[in-house]
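Colleague: Starting from these lines, generate the structure:
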Amino acid sequence: MSESDIIATPAVEPNGTPPEDRVHDKEDRLRTSFVREVLDAVADGDDEAARALVAGLHPADIADLIELTPTDERADLIEALAGMVDADVYAELNEHVREDVIDEMEPQQVADLAAQLDTDDAVAILEDLEADDQLAVLRAMEPDDRAAVEEALTYPEESAGRLMQRDLIAVPEHWKVGQVIDYLRSGDELATDFWEVFVVSPDHHPVGTCKLSAILRSPRTVQVSDIMARKQTLIPVDLDQEEVALKFQKYALISAAVVDPSGRLVGMITVDDIVHIIQEEAGEDALLLSGAGEGDINEPLIDTYKSRVRWLAANLVTALVAATVIRFFEDSIARMAILAALMPIVAGVGGNAGTQTLAVTVRAIATNQLTGSNHWRAVWREIRVALLNGLTIALLIGVGVTIVLGSAQLGAVIAAAMLTNIVIAGLAGVLVPLGLEKAGTDPAVASSVFVTMVTDSMGFLVFLGLATAAGLAG
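Modeller: Just a heads-up that it's a prediction; the model follows:
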C-alpha cells in the first residue's frame, strides 16, 4: 500500500466508527488488526475507544469479536462494552462460548437476558445449564416467561418444540381484513416479527394462513376465509429439527405452524431459525463420518478428547482384523516381498472408493433422497459405478505393474484384486449405512469404521489369496 493510499483512507467514518474495509476482510470476517485494536483499547482501560470501534457492528459481528477474544480476556471485553452486548449478541454466540460467559453471570442477570429473547433462544441459553443453575434462573424469571421456557424444556432436544417461537398472530376465519389490521395495531404485547397470520378454528386448530401481502392488498370488508390459503405445512411439536429443516427446504417455507399431538397450534418456526439448523446438520454428518465429534474449536478440550478417542479405539480394533488377515499369508509375503509393497495399494484405493459411496449414501439418507422405496435401485446403481471404476483402476494398475515389475501374472493378480475390492467397497459404502439406519442408528456415526474394516481386510484377503493361489509366492 502506498503512502497516498494510507493518507486517503479515513481513520473513522463521519459517525465515528471505523471504515468497513478496516473492520472486515473480503470474506466478511473481522480483521485480525481490528480485533487487536479493540482488545488493546480494553487492555489500556480506554473503554470509550473500544465502544467507538464496536458501535457500528451488527450483533453477529460483536458475537464474532467475543469468540475471537482469548478466554481470559472475554470478561474484560464484555464489561468494557457494557450494554452493547445485548440479548441479540448472546443469541448469536457460539454455544460453548455462550456457556462460559453465562456461567460467570448471576441468575437474575441470566433471567433478565432470557426475558429479552424469543423463547427458542432463551431455551438455547438455559438448556445447557446445570440443573441447580437452571432452576435458579427459572425462579428469577417472570411467571409468563418461565412457563413458556419450562414448557419448551419438556420437549426432546433438537425437536420442533425446542426450536419454535410462542409469539405468533392467530385470528379466526370469520374475521374481516379490517378487524385483523385493527387487531395487529391494537396491542404492544403482540408478536412483532412475522410473515404470515395463522387462521384458527374455535378450538385453536390451524385451518389456513394469510400472507401479510394478501392482508395489506385486500379491502377491509373482505373476510379472512376468502383470502387465506387453506393448504399449509404443519410441523409436529416432537419432529426432529433435521426433518423440520428438510420440510422448509422442500416446500420453500418462510414460516410454519407447530402443532401439538391434538392438532392445536402451539407455536411457529421461521426460516431464520432453520438456516442455522441446515448449516449445523450438514456439518454434523461430515464430522460424524470422521469421528471428530462436534468439530467445534470452542468445545472444551476434554469433551473433544472423549468424542474422538472412542472412534480411534474402534479403528484400532478394526485394524487388528486386517492385521489378522495378513498373518495368514506370512509365508507368501516372506517368499515374495513385493506383495507387502503392493497390498496397501489395493486396500487404500478400495477404502477411498468406499468412502466416496459412503458420503453419497449418508447424504442421500439425510436429505430423504434415499428411502425404503428406492434403496435397491441405489444399491444396483452403486454396483454399476463400482464396476466401471474398478475396471478403469484395475486396467491402470495391472498395466503399470506388468511394465514396471515385468510380471504379467502379478499384474493380472493385482488387477483382479483391485476390481474385486472396489466392487466390495461400493457395496459396503451403501449397505452399511442402510443397515445402520434400519437398525435405528444414525448412519453417519459408525459407518466409516465398518466400511474401512471391510475394504482393508477384504483388500488384503483377495490380493494375497489370489497371489498365493496363482503360485506367485511359491
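
Colleague: Please enumerate the helices of the stretch 301-450 of the chain.
Modeller: 301-327, 330-335, 338-366, 375-405, 408-438, 443-469 (DSSP state H, counting those that start in this stretch).

Colleague: I'd assumed E242 was in contact with S159.
Modeller: No: with contact defined as Cβ atoms under 8 Å, S159 does not count as touching E242 (10.2 Å). The C-beta positions use only the backbone N, C-alpha and C, and glycine is treated the same way.

Colleague: Adding mean pLDDT, write the helices of the stretch 301-450 of the chain out as a markdown table.
Modeller: Listed next are the helices of the stretch 301-450 of the chain as a markdown table, based on pLDDT from 0 to 100:
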| stretch | mean pLDDT |
| --- | --- |
| helix 301-327 | 79 |
| helix 330-335 | 82 |
| helix 338-366 | 87 |
| helix 375-405 | 92 |
| helix 408-438 | 91 |
| helix 443-469 | 85 |
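
Colleague: Same list (these) but as CSV, adding mean neighbour count and distance to G56.
Modeller: Shown next, in CSV, are these (neighbours: other Cβ atoms under 10 Å; distance: least, Cβ to Cβ, whole Å):
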stretch, mean neighbour count, distance to G56
helix 301-327, 13, 35
helix 330-335, 14, 68
helix 338-366, 21, 39
helix 375-405, 16, 51
helix 408-438, 23, 47
helix 443-469, 23, 41
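
Colleague: which stretch among those helices comes nearest E37?
Modeller: Closest to E37 of the helices of the stretch 301-450 of the chain, according to Cβ to Cβ: helix 301-327, at 29.1 Å.

Colleague: Which strands and helices lie in contact with that closest one?
Modeller: helix 443-469 (3 or more Cβ pairs under 8 Å, 6 or more residues apart in numbering; DSSP states H and E).

Colleague: right, and the secondary structure at C210 would be what?
Modeller: strand (DSSP: H, G, I helix; E, B strand; the rest coil).

Colleague: which one of the helices of the stretch 301-450 of the chain lies closest to V149?
Modeller: Among those, if distance is taken as Cβ to Cβ, the winner is helix 301-327, at 25.1 Å.

Colleague: ok and that closest one relative to helix 443-469, angle-wise?
Modeller: Interaxial angle of helix 301-327 relative to helix 443-469 (axes from the mean of the first three to the mean of the last three Cα atoms, to 10 degrees): 20 degrees.

Colleague: what about helix 301-327, distance to the chain center?
Modeller: Centroid displacement of helix 301-327 relative to its chain, using Cα atoms, centre = their mean, to the nearest Å, is 25 Å.

Colleague: Over to stretch 430-448?
Modeller: The answer for stretch 430-448 is 18 Å, by Cα atoms, centre = their mean.

Colleague: Offset the numbering so it begins at 7, please.
Modeller: Shifting the count to begin at 7 puts that one at stretch 436-454.

Colleague: okay, how far is it across it, tip to tip?
Modeller: 11 Å (Cα to Cα, to the nearest Å).

Colleague: Burial check on A158, number of neighbours?
Modeller: A total of 24 residues lie near A158 under the criterion other Cβ atoms under 10 Å.

Colleague: What residue spans form the domains of the protein?
Modeller: Following automatic domain parsing, the chain resolves into domains at 9-164, 176-293, 307-475.

Colleague: Now do the contacts for the nearest residue to G417 once chain neighbours are set aside.
Modeller: Distance criterion Cβ to Cβ, 6 or more residues apart in numbering; nearest residue to G417, sequence neighbours excluded, is T408 at 3.4 Å. Listed by Cβ atoms under 8 Å, 6 or more residues apart in numbering, the contact partners of T408 are 414, 416-418.

Colleague: Report pLDDT for D31.
Modeller: pLDDT for D31: 84.

Colleague: Surely it and S39 touch.
Modeller: No: assessed by Cβ under 8 Å, D31 is found out of contact with S39, at 9.8 Å.

Colleague: What are the boundaries of the strands in the stretch 157-306 of the chain?
Modeller: 176-178, 202-206, 212-217, 240-242, 261-265, 271-276 (DSSP state E, counting those that start in this stretch).

Colleague: Nearest to E98, out of those?
Modeller: Using Cβ to Cβ, the strands of the stretch 157-306 of the chain put strand 271-276 closest to E98, at 15.7 Å.

Colleague: what packs against that closest one?
Modeller: helix 166-169, strand 202-206, strand 261-265.

Colleague: Mind doing that once more with 10 Å?
Modeller: With contacts defined as 3 or more Cβ pairs under 10 Å, 6 or more residues apart in numbering; DSSP states H and E, strand 271-276 has these neighbours: helix 125-132, helix 149-159, helix 166-169, strand 202-206, strand 212-217, strand 240-242, helix 247-257, strand 261-265.

Colleague: Can you name every helix or strand that the second one contacts?
Modeller: Helices and strands in packing contact with helix 149-159 are listed as helix 113-121, helix 125-132, helix 137-146, helix 166-169, strand 271-276; criterion 3+ Cβ pairs under 10 Å, 6+ apart.

Colleague: what do you get for the first one?
Modeller: Judged by 3+ Cβ pairs under 10 Å, 6+ apart, the packing partners of helix 125-132 are helix 93-98, helix 101-109, helix 113-121, helix 137-146, helix 149-159, helix 166-169, strand 271-276, helix 277-296.

Colleague: correct me, but D188 touches R226?
Modeller: Yes: D188 lies in contact with R226 (Cβ atoms under 10 Å); the separation is 8.9 Å.

Colleague: what's the overlap in contacts for those two?
Modeller: K182 (Cβ atoms under 10 Å, 6 or more residues apart in numbering).
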